[in-house]
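Peer 1: Below are the sequence and a predicted model; questions follow.
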Amino acid sequence: MYTLVRRYLKTAIAFLIAGVLLGLWYLVRRETTGVLPTPRELSAHTHALLVGFVMMVIAGVALWIFPRPAAGDTRYKPVLAELAWWLMAPGTALRIVGELLAGPAALAPLPLRLAIIGGGVAQVAGLVLIFVTLYPRIRATGSALREAKGERF
């Protein structure tokens, strides 16, 4: 397992811990004070778990297990997988922190709202980029030969 894959997976674990701790806080607060999570708090929790954990794990494992690029395939550029991490991880962190700082008010200060939007844009860009980067690696390897011989999976 190479460095970038480990970075994706360790980052995913950090977001999992953050998401679970947020969920635990919301649970304790609800059961002890009756205060429900606000929509912004739910958004922070959701993004920590779904983008920060689930999508980072998917990206990291895909980078690890997908077939290596075919010899001479110039479409696969590992630097794009690195850039995707730099968009997704800080974008998700910005989104979580921004949502929590914005509080329950319908309209947070404009700079904070722009930061939340920026985090969301970075998340989307990172997710698109990682799967654009992985796309050339989705190809038949030994299975194509077995399928040609009539083997069914």
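Peer 2: Yep, it's here.
Peer 1: Low-confidence ranges, the chain, go.
Peer 2: For the chain, the stretches with pLDDT under 70 are 140-142, 153.
Peer 1: the strands in it, which residues?
Peer 2: Using DSSP state E, the chain contains no strands.
Peer 1: Residue 123 versus residue 99, what's the distance?
Peer 2: 12 Å (CB to CB, to the nearest Å). Any C-beta I mention is one placed from the backbone N, CA and C, and that applies to glycine too.
Peer 1: and residue 66, how many neighbours does it have?
Peer 2: As a burial measure, residue 66 scores 16 neighbours (other CB atoms under 10 Å).
Peer 1: so what's it closest to, chain neighbours aside?
Peer 2: Leaving aside its chain neighbours, residue 66 sits nearest to residue 137 (4.1 Å; criterion: CB to CB, 6 or more residues apart in numbering).
Peer 1: cool, residue 9 as well?
Peer 2: residue 60 (4.4 Å).
Peer 1: Contacts only, for the one you found.
Peer 2: Residues counted as contacts of residue 60 (CB atoms under 8 Å, 6 or more residues apart in numbering) are 5-9, 12.
Peer 1: hang on, the earlier thing: count of neighbours near the residue nearest to residue 66?
Peer 2: What residue 137 shows, counting by other CB under 10 Å, is a neighbour count of 17.
Peer 1: is it true that it touches residue 75?
Peer 2: No. Between residue 137 and residue 75 there is no contact under CB atoms under 8 Å: 9.2 Å.
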